[in-house]
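Q: quick check, what structure comes out for this input:
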Amino acid sequence: QVHLVESGGGLVQAGGSLSLSCAATASERAFSGHTISWFRQGPGKEREFVAYITVNGGTYYTSSVKGRFTISRDNAKGTVYLQMNSLIPEDTAIYYCSSKPTARGSAFNRASYDYWGQGTQVTVAS
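A: Just a heads-up that it's a prediction; the model follows:
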């Protein structure tokens, strides 16, 4: 069982930065065996994949955030981070972290994920 809690959202001007955290209430062993992803859902839009990080620290980003966002994890702390730089208004969304066992399904498919946080709002003002 993995319970996820996001934090760090807020209001920022375009060009600014925010750092999101996703804290997992799970044993280090359980957390380290999972791929952790960030998804986001903008106003009137479908929830979309943003980035993932694997057990071994491998990362992947959707093209719209590549070069601006960085995902990282600290297995000992049970926490995944999303550093967001050069923010643009199109990044405005509720950001969710999610967890799945490493071997299950595609990391881009929401259906692969067992656990989701409650979300944190990110608003980028133009």
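
Q: what pLDDT is listed against the nearest residue to Arg110 once chain neighbours are set aside?
A: Leaving aside its sequence neighbours, Arg110 sits nearest to Arg47 (Cβ to Cβ, 6 or more residues apart in numbering; 6.4 Å). In short, each C-beta sits where N, CA and C put it, glycine included. Looking at Arg47, its pLDDT stands at 96.

Q: got it, and the one 4 residues further on?
A: If you check Ala51, the pLDDT there is 98.

Q: same question, Glu28
A: 62.

Q: please apply the same query to His34.
A: 89.

Q: and it, how many neighbours?
A: Using other Cβ atoms under 10 Å, His34 has 25 neighbouring residues.

Q: quick check: bridge partners of it?
A: Taking DSSP bridges as the rule, His34 bridges to Pro101.

Q: which residues sit in contact with it?
A: His34 sits next to Val2, Val55, Ser99, Lys100, Pro101, Thr102 when contact means Cβ atoms under 8 Å, 6 or more residues apart in numbering.

Q: element containing the residue most central in space within the chain?
A: Computing the C-alpha centroid of the chain and ranking residues by Cα atoms, centre = their mean puts Trp38 first, at 2.2 Å. Using DSSP states H and E, the element containing Trp38 is strand 34-41.

Q: quick one: distance of that strand to the chain centre.
A: Remark: strand 34-41 is offset 4 Å from the chain centroid, using Cα atoms, centre = their mean, to the nearest Å.

Q: continuing past that strand, what's the next helix or strand?
A: strand 48-53.

Q: quick one: that following strand to strand 34-41, angle?
A: Counting by axes from the mean of the first three to the mean of the last three Cα atoms, to 10 degrees, strand 48-53 lies at 150 degrees to strand 34-41.
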